[in-house]
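Asker: Starting from these lines, generate the structure:
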Amino acid sequence: MSNDTTALIVGGTGLSGSYAGRLLKARGWRVVTLSRGGADLAWSDRHIAVNLEDADAASVALAAASDVSHVFYCTWSRQANEAENVRVNAAMIRNLFDGIAAAPLRHAALVTGLKHYLGSFDDYAKTKPYTPFLESSPRLPGENFYYAQEDVLFEMAAKRGFTWSVHRPHTMIGLVIGNAMNMAVTLAVYATICKHTRRPFVFPGSPEQYHAVTDVTDARLLADQLHWAATTPAAANLPFNTVNGDLFRWTWLWRQIADYFGLAVGDYPGHATPLAIQMAEAPAIWADIVAKHRLQDIPVTRLASWWHSDADLGRTLECFTDMTNSRVRGFTAYQQTPRSFFDVFDELRARRIIPA
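Answerer: Next up is the predicted model:
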């Protein structure tokens, strides 16, 4: 990579941002990270702490990013309703581009997700989409902050002459402590609590998800695709679905996860049993597990995102994606899904976050 290549990772402490930043650093890029708070990231050459919702603060802080050639926008801010999601998230990405107006920007990547096809939080899954989700599908009617982010990206790219890419992962599998959307860590905590309390390891989602075909996205594969799109001329100005490349049913994968933890699969009751309800007593139970096994003292509320895994596993429609746009242009990365989960579980054990 040439010495004039500097990446700005917006959301550098999150799941997609941290994996992308580490990969780019390993491949010789200079890496600048940005998040709301301070961060000590071994792979970051420079960190900027700023809340992008504050235009004046962003303008000042982003003077430290005047040299960036590539932006990887991997963040969002959840609000009370979709109108506010649109307003706040569009303003954040606009404030980012306004703050680096003088930078020699060549490419900007935006990470969104499958709500592009499923609808916003307010209108989620009200319209049954065609599966697999196609990158060529038109936008759904109604407000959606993903669309608002895209519109700012497209406007800025046209105005300033840089190329863009949009990446739409499914459920992200990786390890970042404190991340609000972290199924692998959530399921590891659930399995550990089941083992400790001798309760059955029961799939908590809907019958549709339990039996349907689906897929997920390894954070490592997303990072690889982000790098590929930023350095491949044929990938310019396109959206890309981003998944592992295999398909599975939870009826099968749930048993694989149970076997990893030495658990028996509990009988599926035929309806959802949300983790947010099942795990109401989790904080006290987790404190006992931490003490018994001398684990890192991390509160269960920082490890498990019950609500987000409930949302993913509780869908009442089939969700899987097609990757034509990147496949026909040469992106062939593949990740076996059980290994995505097992690698996270292995790391959690190695770091003494869950028992070995």
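
Asker: from what I can see Ala58 touches Gly99, true?
Answerer: Yes - applying C-beta atoms under 8 Å as the test, Ala58 and Gly99 come out as touching, 4.8 Å apart. C-betas here are computed from N, CA, C, even on glycine.

Asker: what residue of this structure is the furthest out?
Answerer: Lys292 (31.9 Å; C-alpha atoms, centre = their mean).

Asker: Secondary structure element for that residue, which one?
Answerer: Element membership of Lys292, judged by DSSP states H and E, is helix 282-293.

Asker: in that helix, what's buried?
Answerer: Ala282, Ile285, Trp286, Ile289, Val290 (16 or more other C-beta atoms under 10 Å).

Asker: where's the second one relative to Asn182, distance?
Answerer: Separation of Ile285 from Asn182 (C-beta to C-beta, to the nearest Å) stands at 19 Å.

Asker: show me the contacts for the residue positioned nearest the centre of the chain.
Answerer: In the chain, the C-alpha nearest the mean C-alpha coordinate belongs to Met172, at 4.4 Å (C-alpha atoms, centre = their mean). Contact analysis of Met172 by C-beta atoms under 8 Å, 6 or more residues apart in numbering lists Leu15, Ser16, Met181, Asn182, Met183, Val216, Thr217, Ala219, Leu222.

Asker: and which of these is nearest Leu317?
Answerer: Nearest to Leu317 among those: Val216, at 16.2 Å, using C-beta to C-beta.

Asker: Surely the closest one touches Val243?
Answerer: Yes - at 6.7 Å, Val216 and Val243 qualify as touching, with contact defined as C-beta under 8 Å.

Asker: which residues in the stretch 101-250 of the chain form helices?
Answerer: 115-118, 145-160, 183-197, 207-211, 219-231, 250-261 (DSSP state H, counting those that start in this stretch).

Asker: can I get these in TSV with distance to Asp40?
Answerer: Below are the helices of the stretch 101-250 of the chain laid out as TSV (distance: least, C-beta to C-beta, whole Å):
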stretch	distance to Asp40
helix 115-118	32
helix 145-160	28
helix 183-197	21
helix 207-211	38
helix 219-231	20
helix 250-261	32
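
Asker: Tabulate these in CSV, adding columns for mean pLDDT, distance to Ser340 and mean neighbour count.
Answerer: Below are the helices of the stretch 101-250 of the chain laid out as CSV (pLDDT from 0 to 100; distance: least, C-beta to C-beta, whole Å; neighbours: other C-beta atoms under 10 Å):
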stretch, mean pLDDT, distance to Ser340, mean neighbour count
helix 115-118, 94, 21, 21
helix 145-160, 98, 24, 18
helix 183-197, 98, 7, 22
helix 207-211, 96, 17, 17
helix 219-231, 98, 8, 23
helix 250-261, 98, 10, 16
